[in-house]
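Peer 1: fold the stuff below for me.
(one chain, ligands or ions: 1)
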Amino acid sequence: MADKLAWIGEELQALRDAGLYNHIRTLGSPQGAWLQVDGQRVLNFCSNNYLGLANHPRLLAAAEEAMRKYGLGPAAVRSIAGTMDLHVELDKRMAAFKGVEAAITLQSGFTANLAVLPALVGKEDAIFSDELNHASIIDGSRLSGATIVRYKHCDPADLQRVLAERRGEFRRALVVTDGVFSMDGDVAPLPEIYAVTSQADAILMVDDAHGEGVLGKGGRGIVDHFDLHGKVDVEVGTFSKAFGVVGGVVAGNARIVEWLRQRGRPFLFSSAMTVPDVAACLAAVDLLEESNELVERLWANTEFFKKEMQALGFDTGKSVTPITPVMLGDEQLAQKFSKAMFEAGVFAMAIAFPTVPRGTARLRVMISAAHSNSDLEHGLQAFADVGRKLGVIS
Ligand SMILES: *Cc1c(COP(=O)(O)O)cnc(C)c1O
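Peer 2: Residues are numbered from 1 along each chain as shown. Below is the predicted model of the structure:
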């Protein structure tokens, strides 16, 4: 009989041949400025641990204490028996932190997008979506059954054009964009997107996964950054990046949040966040509300690193956030560069097609408040050495 799974081997081989196979590195240490990766100690330029909270003593202590009181798992979906007072507290604290009417927490940012989009639009409706939006927005959009109309990346004029052309065909419309785009580190022009959306009778949704803990006063996110409080209907966020834990959140209009408690499928059919996760997230909110210090350090590190990289002659693209692409262009060169950096003790991922367009391969450096000045100096020296050796800079 034919091997019914033979195709998988062929597909995997095709990935290897094209240089697109994911080789997954394994960490043997907590997150931080330095990591043990595949047995080697390396400077970490890869993680979304923007504020260094992933191994912060206050978060660890909060998780331990909560586990002693509440145990480990919620043992139910939130709508049956999985909502503990801790979950309700986190919902409330996040609403206050983000300056919105209400918030609801879910298992991850990915499931938050899968909850929101199908709850708000369906077959008779349209989603107007930035062409570079995150995979979870794309999947949530497909699940909703709505017609997906893409507009040019960060281009409010193009959004206005497609809304004018097509809005009339649909019952409801929703405009959705990433706040910070994770491959280029650019920020959506949200005030202009709001202006266009508000003229078109459309719901406005922003995914603030890379903005929370990074943008706005004390890390309150993109809506605060642009002072658009009350104008964005719904925000999706994650606890897996700056918050250093794992989990998702939907924040915004109280009616939308109420509707998700009734109709958000990952809320209704997948168990709640675990006790230590929720408790650690609450400690993260405490820390952020008490002090801007970590957010300020993140930005000071970002500005220093970018300035020095540019002085060395590197092209850091159009980033305006701690996400720092080091543009190399050629796919093979990016792979080679990343490998040489790893050998020099610096862990920085090469990002290439199909994650970014062909010919725009880069190393992506993720700056963190956890980096000390000497860590950054060490990374810059490795970039200088490898860049000269490979002829990227002179
Ligand atoms: C990382 C990310 C997500 C997914 O968040 P998780 O909590 O890791 O599932 C969703 N949207 C955007 C824009 C992201 O960058």
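Peer 1: for Met309, phi and psi?
Peer 2: phi -60, psi -40 (degrees, to the nearest 10).
Peer 1: which non-adjacent residue is nearest it?
Peer 2: Spatial nearest neighbour of Met309, excluding adjacent residues (C-beta to C-beta, 6 or more residues apart in numbering): Thr316 at 5.5 Å. The C-beta positions use only the backbone N, C-alpha and C, and glycine is treated the same way.
Peer 1: please name the bridge partners of Gly252.
Peer 2: Ala102, Val234 (DSSP bridges).
Peer 1: that one contacts Gly99, correct?
Peer 2: No - judged on C-beta atoms under 8 Å, Gly252 makes no contact with Gly99 at a distance of 10.3 Å.
Peer 1: just to revisit the earlier point, hang on, the residue nearest to Met309 is in a strand, isn't it?
Peer 2: No - assessed with DSSP: H, G, I helix; E, B strand; the rest coil, Thr316 is coil; it does not lie in a strand.
Peer 1: mind checking how far it is from Asp201?
Peer 2: Taking C-beta to C-beta, to the nearest Å as the measure, Thr316 falls 39 Å from Asp201.
Peer 1: who has more neighbours, these two?
Peer 2: For the pair Thr316 and Asp201, the greater number of neighbours falls to Thr316 (18 against 10), based on other C-beta atoms under 10 Å.
Peer 1: can you give me phi and psi for the more buried one?
Peer 2: Dihedral pair for Thr316: phi -100, psi 20, per degrees, to the nearest 10.
Peer 1: which residues touch it?
Peer 2: Lys306, Met309, Gln310, Thr324, Pro325, Val326, Met327 (C-beta atoms under 8 Å, 6 or more residues apart in numbering).
Peer 1: name the secondary structure element that contains Ser47.
Peer 2: For Ser47, there is no host helix or strand (DSSP states H and E).
Peer 1: thinking it is in contact with Ala33, fair?
Peer 2: No - counting by C-beta under 8 Å, Ser47 stays clear of Ala33, with 9.6 Å between them.
Peer 1: hey, what's in contact with both of these two?
Peer 2: Here Ser47 and Ala33 have Ser368 as joint contacts, going by C-beta under 8 Å, 6+ apart.
Peer 1: need the residues of the stretch 101-250 of the chain near the ligand, please.
Peer 2: Counting by C-beta under 6 Å from any ligand atom, the positions of the stretch 101-250 of the chain adjacent to the ligand are 108-110, 134, 136, 178, 182, 207, 209-210, 238, 240, 248.
Peer 1: among the residues you listed, name the ones in strands.
Peer 2: Asp178, Asp207, Thr238, Gly248 (DSSP state E).
Peer 1: quick one: contacts for the residue in the stretch 1-150 of the chain that the ligand sits nearest to?
Peer 2: When scored by C-beta to the nearest ligand atom, the stretch 1-150 of the chain has Gly109 as its residue closest to the ligand, at 2.5 Å. The contact partners of Gly109, by C-beta under 8 Å, 6+ apart, come to Ser136, Asp207, Ala209, Val236, Gly237, Thr238, Phe239, Ser240, Gly248, Val249.
Peer 1: what's the answer for Arg263, then?
Peer 2: Ala119.
Peer 1: go through stretch 65-76 and flag the buried ones.
Peer 2: Using 16 or more other C-beta atoms under 10 Å as the test for burial, stretch 65-76 gives Ala66, Tyr70, Pro74.
Peer 1: of these, closest to Ala6?
Peer 2: Among these, Pro74 lies closest to Ala6 (C-beta to C-beta), at 41.3 Å.
Peer 1: touching, that closest one and Asp277? I think so.
Peer 2: No - Pro74 is not in contact with Asp277 according to C-beta under 8 Å; the separation is 9.9 Å.
Peer 1: check which helix or strand covers Leu132.
Peer 2: Counting by DSSP H and E, Leu132 is part of no helix or strand.
Peer 1: and Pro30, by the same measure?
Peer 2: Counting by DSSP H and E, Pro30 is part of no helix or strand.
Peer 1: look up how far Leu59 lies from it.
Peer 2: As judged by C-beta to C-beta, Pro30 and Leu59 stand 11 Å apart.
Peer 1: between these two, which one's more packed in?
Peer 2: Remark: of Pro30 and Leu59, Leu59 carries more neighbours, 24 against 12, as counted by other C-beta under 10 Å.
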